[in-house]
Every structure is written in C-alpha cells, then in structure tokens.
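In: give me coordinates for this.
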Amino acid sequence: MFGRTRLRERIIIQVLATVIAIPFAFPLVAIVAKSFEGQGPAANYLAVLTKTPFLRFMLNSLIISGGTVALVFVCTMLAAFAFSKLRFRGRDTLFVVVLGGLVLPAIALIVPIFTIVLRLGLLNTYVAVILPLAAITIPFTVLVTRNFLDGVPDEILEAAKIDGASSFTTLLRVVLPLAKPIIAVVLVWTFLQSWNEFFLPLLLLQSTEMQAITQVPLYFTSEYGSDTPKIFASLVLLSLPVVVAYLSMQRFFERGLTAGAVK
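Out: Numbers count the residues shown, from 1 in each chain. Okay, here's the model as predicted:
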C-alpha cells in the first residue's frame, strides 16, 4: 500500500513538472521548426556546413572553451578551497574583492581588455579571448564553489592532516572527490559562457580563420535581408555541444547548483 502511494506521488509530481516545462520548450520547438522552412531541413543544414567555415569555427570555439574551462576550474578550486578551509589574514576582504567582479558589467571592461591585449601583443590569439572570459567567469564559480565546500565537514580535512597530508594533497585526494556536483556546475557553466560568447571573439580575433562558431549566423545576413531558416539551422547546430555537455553531467549539475546556491 505504501509503495503504491509513493508511486502515485511520483507520477503526479512528474506530470506537474512536465506541464510546467512545456511552455519553456516552445521556443526550442519554434527554433527547430523555423530551421525546417525555406529550402527544407536538408538544404538548410547542408548550407550551414558547406557554405560557412563551420568546422573551422567549431574547432576555434572548442579550443577557446577548453582553455577557458581548464583555467577557470584550476583557479576556482584553488581559490574556493582557500577561502573556505584555510585561515589567513585578509581572507574575507580578499573574498569580497573577488566578488566585486560580479557587479562589473562585462561591456564596461571592453576598452581596458582591448588595451591590455593590444599592449601584450596577444591580439588575434586564443589567449586574448581565454583570459578575459576566465576573469569574467571566476567570481561566480568561486562563490558557488566556496558555498559548497563550506558544507564539507572540517573533521575530514583534519583527519587528512593528521595522516600527514598537505593542504594541496587534501584538496586533490579528499575535497575534489567530494566536490563532483559543484565541479560539474563549474565545467558546464564555464563551457556555456565561453561557447556562447559572441563579442570578445569578434573584437579580439580579427582574422577570419580565428573566429568563433557564434559568427556562423552572420554568413546568412546581409544589408538587404537575411536567410532566416539557415540562421536558425546554424543556431540549432551551435547549441548541440552545450546540450550534450549538460545532459552528460545533468545529475551532478543539478545537485551542485542547488548545494552551491545556498550556504
């Protein structure tokens, strides 16, 4: 009897969740449906793949996203562990300074970013995009990761220290295995931000061969009109890696986002 009640509750919750999710699915269905119009789905998607440097731009975006994810992950885990578990002078003040990056609009940093990149001779290189993207993303990832690590019992870390583990060894062998949910949040969120970035690659990667995949829809726009079905077809292809990344880490992502959002 109890098992039937639990099953009935799960069915009701699933139905309610599906009903709530349906309105949010309409834009996705509309995008896919629009990409099937015009010359048809085969012609539209084939045009995206053959009439643009799609594969080259995808490779560029993968390099940029991979570099950004790696840099953000390393900086985030080191900083969040230090802010959460280590005791040092000025810790709280430094953490507030890092959080200051959350209130700075990215568009306000464009001129300083361009000036610094130009003076360092990094213009038209992947690093020119990776470093600013990482700097913009790190404040948020440090915040949620620190909140998550605050929930890790200090007794576990103390036991590791008693066994002779250094702080770095404790981070690698104890904290990281326990932090898989928030790691998934950091990886997926950073990949999403870097993959979808439009303006920084356009500004800092001036060579056509270096452009990111977000520039593909521009190939179907002109001064006199736009080929809307092909634009939407390119948007569908552009979003597939993000969908795959989320689905592959969905279980960890949802747990980590919930745990890292509140202290």
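
In: now the helices for the stretch 101-250 of the chain?
Out: Secondary structure of the stretch 101-250 of the chain, counting by DSSP state H, counting those that start in this stretch: helices at 110-119, 126-149, 154-162, 167-170, 176-178, 180-195, 199-204, 228-248, 250-261.

In: CSV for these, including mean pLDDT and distance to residue 72?
Out: Where you see a C-beta, it was placed from the backbone N, CA and C, and this is true even at glycine. As requested, the helices of the stretch 101-250 of the chain are exported to CSV (pLDDT from 0 to 100; distance: least, Cβ to Cβ, whole Å):
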stretch, mean pLDDT, distance to residue 72
helix 110-119, 91, 17
helix 126-149, 93, 5
helix 154-162, 83, 24
helix 167-170, 86, 19
helix 176-178, 88, 15
helix 180-195, 90, 5
helix 199-204, 90, 15
helix 228-248, 86, 14
helix 250-261, 57, 14
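
In: closest to residue 65 out of those helices?
Out: Ranking these by proximity to residue 65 (Cβ to Cβ) places helix 180-195 first, at 4.3 Å.

In: report all helices and strands that the closest one contacts.
Out: Secondary-structure packing of helix 180-195 (3 or more Cβ pairs under 8 Å, 6 or more residues apart in numbering; DSSP states H and E): helix 54-85, helix 126-149, helix 228-248, helix 250-261.

In: show me which residues of it are buried.
Out: 181-195 (16 or more other Cβ atoms under 10 Å).

In: so what's residue 110 up against?
Out: When the contact criterion is Cβ atoms under 8 Å, 6 or more residues apart in numbering, the partners of residue 110 are 199, 203.

In: redo that, cut-off 10 Å
Out: 132, 199-200, 203-204 (Cβ atoms under 10 Å, 6 or more residues apart in numbering).

In: what's the closest of those to residue 33?
Out: For those, the nearest to residue 33 is residue 199 (28.5 Å; Cβ to Cβ).

In: ok, now how distant is the closest one from residue 132?
Out: 10 Å (Cβ to Cβ, to the nearest Å).

In: likewise residue 86?
Out: Taking Cβ to Cβ, one finds residue 86 at 28 Å from residue 132.

In: the two: who's more crowded?
Out: Under the criterion of other Cβ atoms under 10 Å, the comparison of residue 86 against residue 132 puts residue 132 first, with 23 against 11.

In: and the nearest residue to residue 41 once chain neighbours are set aside, what is it in contact with?
Out: Nearest residue to residue 41, sequence neighbours excluded (Cβ to Cβ, 6 or more residues apart in numbering): residue 35, at 6.6 Å. Applying Cβ under 10 Å, 6+ apart, one finds that residue 35 lies in contact with 41, 44-45, 48, 228-237.

In: what's the longest helix in this protein?
Out: helix 2-35 (DSSP state H).
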